[in-house]
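Asker: Sequence and predicted structure are below.
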Amino acid sequence: MKAGLFTYHFSDNYGALYQAYGLRQWLRGRGIDAEFVNYHPTYVEEGGPLDRPWKLSLWRKNATILYMKQAHLRRRIFGDRAQHARFEAFRSDVLGVTGPRLKRAQDLAPEMMQYDMLFCGSDQIWNPSIQRGLDPVYFLDIAGADHARKVSFAPSFGRTEIEPRYNEDVRRMALGLDGLSVREGSGVDILERAGVPRDRALVVPDPTILLGCFDELLGDSITPDDSVFCYALRTDEVIRDVAVETARLTGGALRAPRTTHQRWGDIGEGIVPGPVEWLQNLARARVVVSNSFHGVALSVVLNRPFIAVGLPGKRASLNARVQNLLEVAGLEHRAVTSDDPSRICDLVQTPIDWEATNARLAVVRSEAEAYLDAEIAAAQQPHNRETAG
């Protein structure tokens with residue numbers, strides 16, 4: 001059995017790489033020869049081509065594209081090349097990514113015949129972008145792929161609702177999948193509003209939770225210390241003050257990895273770890289402070305005390321992903337939306353009942369494994385496309 005995986009494996013983002021790692025490692029543990037299809041369209045990080053720039057009605061779309069182009073160029077010129085090299089090494093050595101970059105959907109057809117199964121997910125691959133909208137490739141709507149069993153695992157829309165103009169395409173492409181799952185309950189709501197029966201989609205955990213074990217990368221030499229590990233994305237608002245107060249309470253060093261899109265000064269000691277070193281820093285911290293979904297998810301998986309900081313203002317709608325995760329884990333009380341010192345003190349001093357949390361995760365992990373095992377079994381049957389339910 002050979003499987004092709006479609007996700008954001010190409011991003012210089014720690015969470016994106018670890019969700020990709022999680023699904024591939026789990027499938028390999030089931031004896032599946034799983035590999036990433038090196039689909040890396042230019043619109044995701046580089047903006048893509050301008051769309052009829054003479055049309056005033058498209059000014060917002062083209063302004064976004066131009067901003068992304070200049071941001072990408074700035075990172076290439078002024079970005080940390082050593083950090084990028086560490087991400088590239090992780091993709092090559094750990095994720096096993098090989099082959100040329102495939103930028104267009106039409107480049108994929110020759111690759112499809114080698115796969116028995118195709119997976120799309122996780123990450124925000126179903127989040128319509130301003131510059132592109134929905135990408136059919138991330139719904140596995142690909143020429144030459146109809147012989148393979150098509151399965152989504154934990155893709156996210158990245159928000160609680162999408163514009164109604166996408167509903168027809170979402171319905172058509174989602175119902176074209178043999179196995180349909182999403183990462184958040186809000187994703188089921190979006191699918192239902194688009195016309196997909198509610199019982200057609202299953203909510204499954206992020207691949208980091210599915211895998212549940214990262215000992216192969218961490219090794220056995222991680223010794224917890226008093227450090228505070230602060231992983232901030234999108235903004236340093238609120239999270240900076242929460243992290244500083246947390247470090248004051250613990251008395252340990254405050255370390256924060258720099259990100260490729262960072263537009264703020266370092267929070268405590270700025271560090272530039274590769275993906276493995278990033279995970280090791282998280283695993284040894286006394287407390288993790290993060291406003292990132294995967295910063296929180298990996299804290300939960302590794303049983304590290306954490307404070308989940310909500311994104312403020314216009315970004316608050318993105319908090320639904322973390323809130324859903326905390327509800328599943330029974331840890332809603334670990335979320336904060338302000339830098340209230342008394343609240344932070346309570347969270348630092350209150351231990352987490354990891355036995356109860358792990359029991360809850362075991363349930364959702366078992367359900368996800370049953371879903372995947374059923375899809376693998378169906379793919380092993382002859383004529384599975386004709387008999388797919």
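Answerer: Structure received.

Asker: Need the distance between the two termini of stretch 249-262.
Answerer: Stretch 249-262 has an end-to-end distance of 26 Å (Cα to Cα, to the nearest Å).

Asker: Need the contact partners of that stretch.
Answerer: Contacting residues not belonging to stretch 249-262 are listed as 12-14, 71, 75, 79-80, 83-84, 225-234, 243-244, 246-247, 266-273, 278, 281, 285-287, 344-345, 348-349 [Cβ atoms under 8 Å, 6 or more residues apart in numbering]. C-beta: built from backbone N, CA, C; applies to glycine.

Asker: Find the centremost residue of the chain, please.
Answerer: Centroid-nearest residue in the chain, with Cα atoms, centre = their mean: D123, separated by 3.2 Å.

Asker: mind listing which of the contacts of stretch 249-262 are in strands?
Answerer: V228, F229, C230, Y231, E269, G270, I271, V287 (DSSP state E).

Asker: domain parsing for this structure?
Answerer: What automatic domain parsing lists as the domains of the chain is 2-212+363-387, 215-352.

Asker: what about the last one, start to end distance?
Answerer: Using Cα to Cα, the gap from the first to the last residue of domain 215-352 comes to 21 Å.

Asker: With stretch 43-58 instead?
Answerer: 16 Å.

Asker: which residues of the chain fall in strands?
Answerer: 2-6, 33-36, 117-120, 149-152, 181-182, 202-203, 228-231, 254-257, 269-271, 287-290, 306-309, 335-336.

Asker: Could you dump these into CSV with mean pLDDT, distance to W354 and mean neighbour count added?
Answerer: Below are those laid out as CSV (pLDDT from 0 to 100; distance: least, Cβ to Cβ, whole Å; neighbours: other Cβ atoms under 10 Å):
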stretch, mean pLDDT, distance to W354, mean neighbour count
strand 2-6, 98, 30, 22
strand 33-36, 98, 30, 20
strand 117-120, 98, 30, 26
strand 149-152, 98, 30, 26
strand 181-182, 98, 26, 25
strand 202-203, 96, 23, 18
strand 228-231, 98, 18, 29
strand 254-257, 97, 23, 23
strand 269-271, 96, 26, 13
strand 287-290, 98, 14, 27
strand 306-309, 98, 12, 28
strand 335-336, 96, 17, 19
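
Asker: Would you point out the most distant pair within the ones in strands among the contacts of stretch 249-262?
Answerer: G270 and V287 (18.2 Å; Cβ to Cβ).

Asker: Give me the local confidence score for the closest residue to A109 other than its chain neighbours.
Answerer: For A109, ignoring the flanking residues on the chain, the nearest one in space by Cβ to Cβ, 6 or more residues apart in numbering is G144 at 3.9 Å. As predicted, G144 sits at a pLDDT of 93.

Asker: How many neighbouring residues does G144 have?
Answerer: Residues lying near G144 (other Cβ atoms under 10 Å) number 12.

Asker: Local confidence estimate at G31?
Answerer: Value for G31, per-residue pLDDT: 97.

Asker: ok, it touching D373?
Answerer: No - applying Cβ atoms under 8 Å as the test, G31 and D373 come out as separate, 11.4 Å apart.

Asker: Chain neighbours aside, what residue packs nearest to A105?
Answerer: V137 (5.2 Å).

Asker: show me what contacts L325?
Answerer: P205, D206, F293, V296, A297, V300.

Asker: Identify those among those that sit within helices.
Answerer: Per DSSP state H, helices hold the following members of the contacts of L325: F293, V296, A297, V300.

Asker: what about burial for the residues you listed, which qualify?
Answerer: F293, V296, A297, V300 (16 or more other Cβ atoms under 10 Å).

Asker: could I get these as a markdown table with pLDDT and distance to G212?
Answerer: A markdown table is the format used below for those (pLDDT from 0 to 100; distance: Cβ to Cβ, whole Å):
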| residue | pLDDT | distance to G212 |
| --- | --- | --- |
| F293 | 94 | 17 |
| V296 | 98 | 15 |
| A297 | 97 | 11 |
| V300 | 98 | 10 |
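
Asker: What is the nearest of those to I65?
Answerer: I65 has its nearest neighbour among those in F293, at 25.7 Å by Cβ to Cβ.

Asker: ok, so what distance separates the closest one from D206?
Answerer: As defined by Cβ to Cβ, to the nearest Å, F293 lies at a distance of 8 Å from D206.

Asker: same question, D353
Answerer: Distance, D353 to D206, by Cβ to Cβ: 21 Å.

Asker: More neighbours: which of these two?
Answerer: Neighbours per residue (other Cβ under 10 Å) separate D353 from D206, with D206 holding more: 30 against 11.

Asker: who's in contact with the more buried one?
Answerer: Q19, G22, S122, A154, R183, F293, H294, A297, L325.

Asker: now, which of the buried ones among the ones in helices among the contacts of L325 sits nearest G313?
Answerer: Once Cβ to Cβ is applied, the member of those that ends up nearest G313 is F293, at 17.9 Å.
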